[in-house]
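Participant: the amino acid sequence is not available; the structure is as follows:
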């Protein structure tokens, strides 16, 4: 028995020389011994040849694609190969030596290889059942494979069986049968007419749709009535000649429009034909096959397609192709039409709506944004959706730049008002880039490119603003790439610092704690606003180490202050991707010697609305360890009472956009009042961000807001300045730790941004 092929061969007879007799005496025995010695080399050679043949046979048997089984007349297995064992999945314990065919059949019946048959196996074997099988048949195994089994009878009464896996072939045959059924179904049920005709115009086949198109009751009636398509169908017989010319030269026609008769009624209609030649082996056309479509449906479809080609299906607004065409036409007639502006708009934080509230909510928001834009412009202007969250507006007859800027500001205000989407509110905002023709571009590509560059500058400038294109902006793109390059090594080079802005109790006027704000001191280029570099850090994947550095530095530095002020550190959504965020935070404050009770972790609503269990578990664990959790920019995102019920916060921080509009905007004032009342009802402290005037401060006090921060109350400073201020306050008990900042109320709020959040 070889290693791979299990071969059972009859024992070979003893080799005896031809004509030799059995030995009868010692002399003959001696003689035979001498003969054997003389024949020994030949015998050895024969053995080697037999071994070589056996090896070739083994290799052959074990590499053929068929399973092979050889049975003698007594039903004993004489030979089988590895493929036979693999195909029928016969275990080694069954393959004894000697091996009777009955053993294999009994095993197969035991594993229900043949279903529920309970026939007496031994009786079947004895009756020669295997030899009575059809010469060729197929059998499906329980595992779904299909075997083709061929039996060849041998002269000695035995048999050789081969087993081939024909599963793929059967699948193809079944697929072919299905295809034939599907083709027949398609032919019979297609809504377009399908036909086959001779080259000279006699109809051979017509499906029900074509029969109906021609006004007949059945295919048989139509085939009997139409003898010459060219003469009887086409209104203009020359059209048939043109059809035949196309078929002869190109072998097919596509969308061949013709006026024809609805044959039975002689009513004229328009149809579109698509046809092809079926050729013989020598390349000559034998028959024509094709489809026929009623032109009325075609005309309707073309009108619809024309609309779709120039309009956005979600919002119904013109699309990029239409916008480009109108800009091109207006530039061509610029002397008549006069100056016009192209506004490029991008919704800020739109991706968060899709990620948190779902694409259906995102689609609703896009439709609402389109309607708001339509209300902002004149009826003669054009509002288009370019794709995604990008829109564009063509503002015609622009007399001066101020008109374009006024419209841009109006659109920003409108799009920045919160949207109600079901039970949620979404506040996405918008940025606008403006290019005015002909000064900012004499062709479509230049004008669109410059509007897009201006939009990029608006987004880089803090979003929710507009920018008019200026040639110097092109350098901004190169600057962005340089910022990315410098940012990658800024942490290692020690270019970041942390400043601290005080959070003041509105009841006592005392400093309760500080918010940590990151600053980037870029060598030779000065300070870079967080609104510029933080989104880039998130995009290129380095926000996690930067965020961890801010946490460690802020904890270490605030721990040096006298008293027990808290430190508030913002966490980027990207930091929650780390499974070890809790360990990282606790390690940072432990190293600094800062108790967990003095740490406030600020997160934005989009982190919460992701509804990620690991994030909620991490926040809950941090609260259990003593840290406090604040919901930052409350009202600026997608506030959901559902999620507020699922997690308990210690603080709500009202977004600065509502505070800045608090004095004059009724909607913003209502939001501020609602958040403060909600915090009071839930037992959550409310902090107002971005307080810049005494009037804002007084209004917040009147509403019962717990605390506030902003340039009016205290600018961000390095920790050494606050240590000095603390010592000064200790010497002069009447001096507040964080007095209102000097200077005008409209002082630029440089870099007052969360440490690690975009």
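Facilitator: Received the coordinates, thanks. Keep in mind that this is a model prediction, so the values were computed, not measured.
Participant: quick one, what contacts residue 67?
Facilitator: Going by C-beta atoms under 8 Å, 6 or more residues apart in numbering, residue 67 touches 80-81, 83-88, 162-164. Backbone N, C-alpha and C define where each C-beta goes, glycine included.
Participant: report the buried members of those.
Facilitator: 80-81, 83-85, 87-88, 162-164 (16 or more other C-beta atoms under 10 Å).
Participant: which of the helices or strands spans residue 355?
Facilitator: Residue 355 is located in helix 350-357, with elements delineated by DSSP states H and E.
Participant: next helix or strand past that helix?
Facilitator: helix 359-376.
Participant: and the pLDDT for residue 310?
Facilitator: As predicted, residue 310 sits at a pLDDT of 93.
Participant: grab the nearest non-local neighbour of it.
Facilitator: residue 322 (3.9 Å; C-beta to C-beta, 6 or more residues apart in numbering).
Participant: can you map out the strands along the stretch 351-500 of the chain?
Facilitator: For the stretch 351-500 of the chain, the strands defined by DSSP state E, counting those that start in this stretch cover 382-387, 390-395, 419-421, 424-426, 430-437, 466-468, 496-505.
Participant: out of those strands, flag the one nearest residue 605.
Facilitator: Closest to residue 605 of those is strand 424-426 (C-beta to C-beta; 10.0 Å).
Participant: which secondary structure elements does the closest one contact?
Facilitator: helix 350-357, helix 359-376 (3 or more C-beta pairs under 8 Å, 6 or more residues apart in numbering; DSSP states H and E).
Participant: put together JSON lines for those helices, with mean pLDDT, distance to residue 576 and mean neighbour count on each row.
Facilitator: Below are these laid out as JSON lines (pLDDT from 0 to 100; distance: least, C-beta to C-beta, whole Å; neighbours: other C-beta atoms under 10 Å):
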{"stretch": "helix 350-357", "mean pLDDT": "81", "distance to residue 576": "13", "mean neighbour count": "20"}
{"stretch": "helix 359-376", "mean pLDDT": "96", "distance to residue 576": "22", "mean neighbour count": "18"}
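Participant: distance to residue 318 for those helices - can I get that in CSV?
Facilitator: Shown next, in CSV, are those (distance: least, C-beta to C-beta, whole Å):
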stretch, distance to residue 318
helix 350-357, 20
helix 359-376, 10
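Participant: closest one to residue 710 among the ones you listed?
Facilitator: helix 350-357 (25.1 Å).
Participant: tilt between the closest one and helix 359-376?
Facilitator: Counting by axes from the mean of the first three to the mean of the last three C-alpha atoms, to 10 degrees, helix 350-357 lies at 140 degrees to helix 359-376.
Participant: which elements pack onto helix 350-357?
Facilitator: helix 359-376, strand 424-426, helix 605-609.
Participant: distance to residue 550 added to these, as JSON lines?
Facilitator: Supplementary listing: the helices and strands packed on helix 350-357 in JSON lines, determined by distance: least, C-beta to C-beta, whole Å:
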{"stretch": "helix 359-376", "distance to residue 550": "32"}
{"stretch": "strand 424-426", "distance to residue 550": "29"}
{"stretch": "helix 605-609", "distance to residue 550": "17"}
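Participant: and the host helix or strand of residue 289, which strands flank it?
Facilitator: Using DSSP H and E, residue 289 sits in strand 285-294. Applying DSSP bridges, strand 285-294 is found paired with strand 193-198 (antiparallel), strand 267-279 (antiparallel).
Participant: helix or strand right after the least confident helix or strand in the chain by mean pLDDT?
Facilitator: Of all helical and strand segments in the chain, the minimum by mean pLDDT, DSSP states H and E falls on helix 121-126, at a mean of 54. Next along the chain after helix 121-126, taking DSSP H and E as the criterion, comes strand 136-140.
Participant: for the next helix or strand after that next one, packing partners?
Facilitator: Per DSSP H and E, the first helix or strand lying C-terminal to strand 136-140 is strand 146-153. On a contact count with 3+ C-beta pairs under 8 Å, 6+ apart, strand 146-153 meets strand 136-140, strand 159-165.
Participant: elements contacting the shortest one?
Facilitator: By that I understand strand 136-140. Short answer (3+ C-beta pairs under 8 Å, 6+ apart): strand 136-140 packs on strand 146-153.
Participant: averaged over its residues, what pLDDT does stretch 589-596 have?
Facilitator: The model assigns stretch 589-596 a mean pLDDT of 95.
Participant: would you mind pulling the contact partners of that stretch?
Facilitator: Counting by C-beta under 8 Å, 6+ apart, 552, 555-556, 558-559, 567, 586, 599, 622, 625-627 sit against stretch 589-596.
Participant: now that stretch: buried residues?
Facilitator: 589, 592, 594, 596.
Participant: as TSV, those residues with distance to residue 183 and secondary structure would be great.
Facilitator: Output for the buried residues of stretch 589-596, formatted as TSV (distance: C-beta to C-beta, whole Å; DSSP: H, G, I helix; E, B strand; the rest coil):
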residue	distance to residue 183	secondary structure
589	73	helix
592	76	helix
594	76	coil
596	73	helix
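Participant: check the residues you listed and tell me the two furthest apart.
Facilitator: Farthest pair in the buried residues of stretch 589-596, by C-beta to C-beta: 592 and 596, 11.2 Å.
Participant: can you tell me the SS state at residue 649?
Facilitator: Going by DSSP: H, G, I helix; E, B strand; the rest coil, the secondary structure assigned to residue 649 is coil.
Participant: what sits against the residue nearest to it when sequence neighbours are not counted?
Facilitator: Spatial nearest neighbour of residue 649, excluding adjacent residues (C-beta to C-beta, 6+ apart): residue 631 at 4.9 Å. If you count contacts by C-beta under 8 Å, 6+ apart, residue 631 has them with 602-605, 608, 649, 651-653.
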